[in-house]
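Chemist: for reference, the sequence and a predicted model appear below.
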Protein chains: 2
Amino acid sequence: MAVTIYDVAKKAKVGIGTVSRVINNSPHISPKTKDKVLKVIKELKYQPHAMAQGLASKRSNSIACIVPDFTSYFFVELLRGIQQEISKHGYDLILYCVDELDKKEVFLRRALREKKVDGVLLLSMPIEERDIERFHQSRLPLVLVDSFHPKVDSITVENEQGAYIGTNHLIEIGHEKVAIITGEYNSFPVKERINGYKRALQNHNIPFNEKYLITADSFNNSELLLDHGFNKMAGYISMQKLLDLGNERPTATFIASDIQAIGALRAISEKGLTIPEDMAIVGFDDIELAEWVELTTMSQPKSEIGRIAVDQIINKISGNNPSLLHKSFLPELIIRKSSGTTLRS
Amino acid sequence: MAVTIYDVAKKAKVGIGTVSRVINNSPHISPKTKDKVLKVIKELKYQPHAMAQGLASKRSNSIACIVPDFTSYFFVELLRGIQQEISKHGYDLILYCVDELDKKEVFLRRALREKKVDGVLLLSMPIEERDIERFHQSRLPLVLVDSFHPKVDSITVENEQGAYIGTNHLIEIGHEKVAIITGEYNSFPVKERINGYKRALQNHNIPFNEKYLITADSFNNSELLLDHGFNKMAGYISMQKLLDLGNERPTATFIASDIQAIGALRAISEKGLTIPEDMAIVGFDDIELAEWVELTTMSQPKSEIGRIAVDQIINKISGNNPSLLHKSFLPELIIRKSSGTTLRS
DNA sequence: ATGAAAGCGCTAACAA
DNA sequence: TTGTTAGCGCTTTCAT
């Protein structure tokens, strides 16, 4: 049988309460007995039983992270920061992936009642009003990452402004026919990014051209929508559509995710066109790969986002009622070769 | 207060034992009472408390996965398959990352005593004899993935043979000066891959040239060793070393991971050399990116590996004492542009 | 087939 | 400061 708190108590000739206090760093304990107990704990290689601790204390020392099917490098890089920070605080990360958005609810409700985690981090997913209410009632800390709702703590980037800056960059280096490629229209950041794109056009008195807006919904291929169209293939196909526009073809494209941009790059070179001369590109995310393919992009501070999100949720778990947090980072324009500064002709 | 098994029992007018039986799908229960209880469970939105279940049943429905700091795309892709399979079986994945190999022990021992997980998946990490003994004694299921020890279940690829095939491919298309770039020498797969490389040379009576073996230990930069040298930068620097060999320069290189190969590609093009004419490349892993950069590589069946590993550990958890499993997959040569078939004059 | 009751290993409130 | 004890919410005998 595994060694329990009773074994430790007996061997140290103290009560189990005392052992418990030692384990939990209770301040009210004499250094002498503390040392004695600690010694026995070491001798017996005692380790508290997580479930028993959890049941009695109503804490699990685990945080759930629900991610939308981590195909995307962006999530992976975000997740990396989150894991590190969670681990640093002595918590464990339980990872859930949902391939369909509806399934998210199942996890949320389970998390709520099952009491297996002390808090939930929801990545890049919308949340329904009734779920918010549920979390509020059960007082289970919830933090949104890369998603927004006025009533829930959230860490985001300024999608609208980011798209504005990216599009603006393309216009300012001389492009007038600027297109946008983005994910599924009902994905949270997509609308905002489209708005930023439109605002940049407006600012320069460039009329919005319907044909220059390619969302992932455009093509009827559910395969490509698994991650809301934020994938290489979707970017590839979207760019093909733009290139098929003949002499109406845009000379520059703002692409709302680097991974789509990477697909787009291929579509461009396959047509025998060059970047940035024939088509200038600005992406979004600054995934590790972006530098590799010399992609100009709007950089998201991924590890910073992860850090803040975890700090906030741990703050809430710890009971220091922090005020509602809506932290938003401004993405930074990283200029690389794909936008260039030269125009074609 | 949350609804407990007592609330359900009271409302359904049965004992808590009966409710418990319903929850756990016990066969000895009349369909009638089962329905009645199920109805109440739904009405009350009852969900068993995970900790209480765990404490009483000694099962946590969680599986730990210890990965070496998931910087690498290979791990991510592996992890994806593992998560899916774990989830499919109704288990939760607790993810631990260890940046230093020594820290692994901490997690292993904690997993052993803390009873927070029902099994442990160890990815790409060696395991010490004494830890094996500990796991054996406490009967906590352990499965190695991408690592090997005779006494522990393991899912691997045939590194030696894979390296052999990759190197052999380069030799057969005409190369004689074939180098190898790989990770830290003490990393498990590295030695095997070096052996496969050497065997291929031998088979063709090509003498082994010390200068053509670049391991990640070669350079004194601990940054680069975080993931045992399996990263872009390490590949980049390693290739530079080879290119600096002047007229002794190899014409082909087998690179023991795609991510290093990607770094190497850059080093080559920066020197104004072309691939595959000046330098042919074969990588290892077939990460998603490999196709993108047209890298010939030895493909590992990542989702298959994950699936088998999870199935095995769940089998062990379920108590069907499966016999010791040592499944090894043969990596498959995927020929793309980076190896080409043309030699440079 | 079902109910009652004894734990599972711990925390926390209460006494001392 | 410390020991004792009553739960935490469930599973699992053991009766019935």
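Modeler: Received the coordinates, thanks. Numbers count the residues shown, from 1 in each chain, chains lettered A, B, ... in the order given.
Chemist: wait, does the helix or strand hosting residue A:267 contact chain B?
Modeler: Secondary structure from DSSP states H and E places residue A:267 in helix A:258-270. Yes: interface with chain B: helix A:258-270 contributes A:262, A:266 (C-beta under 8 Å from any C-beta of the partner chain). Every C-beta, even on glycine, is put in place using the N, C-alpha and C of the backbone.
Chemist: touching the helix or strand following that helix from outside, list them.
Modeler: Sequence order places strand A:280-285 as the next helix or strand after helix A:258-270, per DSSP H and E. Residues from elsewhere that reach strand A:280-285 (C-beta atoms under 8 Å, 6 or more residues apart in numbering or on different chains): A:73-74, A:162-163, A:166-167, A:169-170, A:173, A:175, A:193, A:251-261, A:264-265, A:268, A:275, A:290, A:295-300, A:331, A:333, A:338-340.
Chemist: now do 7 Å
Modeler: By C-beta atoms under 7 Å, 6 or more residues apart in numbering or on different chains, the residues outside strand A:280-285 that reach it are A:74, A:162, A:166, A:169-170, A:175, A:251-258, A:261, A:264-265, A:275, A:290, A:295-298, A:300, A:338-340.
Chemist: buried only: go through those for me.
Modeler: By neighbour count, with 16 or more other C-beta atoms under 10 Å in any protein chain shown, the contacts of strand A:280-285 hold A:74, A:162, A:166, A:169-170, A:175, A:251-258, A:261, A:264-265, A:275, A:290, A:295-298, A:300, A:338-340 as buried.
Chemist: now, the residues you listed that are in helices?
Modeler: Applying DSSP state H to these, the entries found in helices are A:74, A:162, A:166, A:169, A:170, A:258, A:261, A:264, A:265, A:290.
Chemist: around DNA strand D, pick out the residues from chain A.
Modeler: A:13-18, A:21, A:27-30, A:32-34, A:52, A:55-56 (C-beta under 7 Å from any atom of the strand).
Chemist: at 6 Å what do you get?
Modeler: Residues of chain A lying near DNA strand D by C-beta under 6 Å from any atom of the strand: A:14, A:15, A:16, A:17, A:18, A:28, A:29, A:30, A:33, A:55, A:56.
Chemist: now compare the residues you listed and name the two farthest from each other.
Modeler: Farthest pair in those (C-beta to C-beta) is A:30 and A:55. Separation: 28.7 Å.
Chemist: neighbour count: these two, which is higher?
Modeler: Neighbour count, other C-beta atoms under 10 Å in any protein chain shown: between residue A:30 and residue A:55, residue A:55 has more, with 20 against 9.
Chemist: gap between the spatially closest residue to the more buried one that is not a sequence neighbour and DNA strand C?
Modeler: Nearest residue to residue A:55, sequence neighbours excluded (C-beta to C-beta, 6 or more residues apart in numbering or on different chains): residue B:51, at 4.3 Å. Taking C-beta to the nearest atom of the strand, to the nearest Å as the measure, residue B:51 falls 8 Å from DNA strand C.
Chemist: just want the angle from whichever strand or helix holds residue B:51 to helix A:50-57.
Modeler: Element membership for residue B:51, per DSSP H and E: helix B:50-57. Relative orientation of helix B:50-57 with respect to helix A:50-57: 130 degrees, computed using axes from the mean of the first three to the mean of the last three C-alpha atoms, to 10 degrees.
Chemist: give the other helices and strands that helix B:50-57 contacts.
Modeler: Judged by 3 or more C-beta pairs under 7 Å, 6 or more residues apart in numbering or on different chains; DSSP states H and E, helix B:50-57 is in contact with helix A:50-57.
Chemist: ok but residue A:65 is inside a helix, no?
Modeler: No: the assignment for residue A:65 (DSSP: H, G, I helix; E, B strand; the rest coil) gives strand, which keeps it out of a helix.
Chemist: my read: it touches residue A:81, true?
Modeler: No: using C-beta atoms under 7 Å, residue A:65 is not in contact with residue A:81, being 11.2 Å away.
Chemist: which one's more surrounded, those two?
Modeler: Between residue A:65 and residue A:81, counted using other C-beta under 10 Å, residue A:65 has the larger neighbour count: 28 against 19.
Chemist: report how many residues lie close to the residue lying closest to the more buried one once chain neighbours are set aside.
Modeler: Distance criterion C-beta to C-beta, 6+ apart; nearest residue to residue A:65, sequence neighbours excluded, is residue A:121 at 4.5 Å. Residues contacting residue A:121 under the criterion other C-beta under 10 Å number 26.
Chemist: give me the phi and psi angles of residue A:121.
Modeler: phi -110, psi 120 (degrees, to the nearest 10).
Chemist: and if you look at residue A:119?
Modeler: The phi/psi pair for residue A:119 (degrees, to the nearest 10) reads phi -170, psi 160.
Chemist: picking up where we left off before, and the furthest pair within the ones in helices among the buried ones among the contacts of strand A:280-285?
Modeler: Using C-beta to C-beta, those reach their maximum pairwise distance at A:74 and A:170, which is 21.4 Å.
Chemist: so how far is DNA strand C from residue A:56?
Modeler: Counting by C-beta to the nearest atom of the strand, the separation of residue A:56 from DNA strand C is 3 Å.
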